[in-house]
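In: Dropping the sequence and predicted coords here.
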Amino acid sequence: MAISISACATSHGTNPSIPSIKQCKFVGQSVRALPIRTITVGKKRSPGVQLLVDVYIDKLRNHCPVDDVLIRSNPKNARDVKAQVDDEDMAVMNHIRSDDWVVMLVEHGLDIGSERFAELVGDAGSKGASRLLFCIGGPYGHGRQIQERANISVKLSSMVLNHQIALVVVEQLYRSWTILKGQKYHH
């Protein structure tokens with residue numbers, strides 16, 4: 001199931017000294033709240049990272065159901081990198097249903113801002129998917145199966161991020177819902 005992401009409209013106030021404000025196309029509209037699952041391949045999270053993830057998941061649960069899955073990196077202790085990626089790939093694929101809408105987070109994905117990320121969340125809810133998944137790869141990236149299964153690839157940064165740092169996606173998901181609802185969290 002492919003999805004198109006349109007650009008957010010820019011509105012200009014009457015005062016030219018005030019910077020333009022981008023608005024998501026869904027602001028003020030009803031958006032179907034899909035359950036969200038984040039799947040991360042990596043080591044056990046540090047307590048600080050887990051605390052931050054928990055804070056944003058609690059906030060996000062006010063808007064939609066959320067599930068956070070951590071898959072241990074190199075689950076079969078493979079010595080070969082390809083075998084490790086294949087094992088991680090299989091473990092991730094076991095958590096994906098056929099009607100899920102899958103976002104693969106990868107350094108060479110689509111470069112989008114917060115407003116367009118919110119549109120991605122809103123669009124997925126209107127395309128017939130039953131759940132929205134965000135996949136964060138292990139130290140060697142995503143395997144072939146998840147690359148082929150993903151509906152869209154998005155990058156969080158031009159820099160490569162540690163899987164724990166990539167969990168910033170949880171904050172962006174919360175930010176997306178505040179944009180969609182027209183709340184004041186996003187400036």
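Out: Right, received. Where do you want to start?
In: Give the residue spans of this structure that score low on pLDDT.
Out: The chain contains residues with pLDDT under 70 at 1-30, 186-187.
In: ok, which stretches of it are strands?
Out: All strands of the chain, identified by DSSP state E, fall at 9-11, 21-23, 36-42, 66-72, 100-111, 131-136, 152-155.
In: Helices along this protein, start to end?
Out: Here the chain has its helices, by DSSP state H, at 47-60, 81-93, 114-125, 144-149, 168-180.
In: what comes into contact with the shortest one?
Out: Surrounding helix 144-149, the residues in contact under the criterion CB atoms under 8 Å, 6 or more residues apart in numbering are 86, 89-90, 92-93, 96, 102, 104, 135, 137, 153. Every residue, glycine included, has its C-beta placed from N, CA and C.
In: Among the residues you listed, find me the one that's closest to I112.
Out: Distance to I112, by CB to CB, is smallest for S153 among those, at 10.8 Å.
In: Quick check: the closest one touching M104?
Out: Yes. Counting by CB atoms under 8 Å, M104 is a contact partner of S153 at 4.7 Å.
In: What count of nearby residues applies to the closest residue to K76 other than its chain neighbours?
Out: With sequence-adjacent residues excluded and distances taken as CB to CB, 6 or more residues apart in numbering, K76 is closest to D87, at 4.7 Å. By other CB atoms under 10 Å, 22 other residues sit near D87.
In: would you turn the contacts of helix 144-149 into CSV with distance to I179 and neighbour count?
Out: Converted to CSV, the contacts of helix 144-149 look like this (distance: CB to CB, whole Å; neighbours: other CB atoms under 10 Å):
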residue, distance to I179, neighbour count
D86, 37, 16
D89, 32, 21
M90, 35, 15
V92, 28, 26
M93, 31, 14
I96, 26, 18
V102, 22, 23
M104, 22, 23
C135, 22, 27
G137, 26, 25
S153, 21, 17
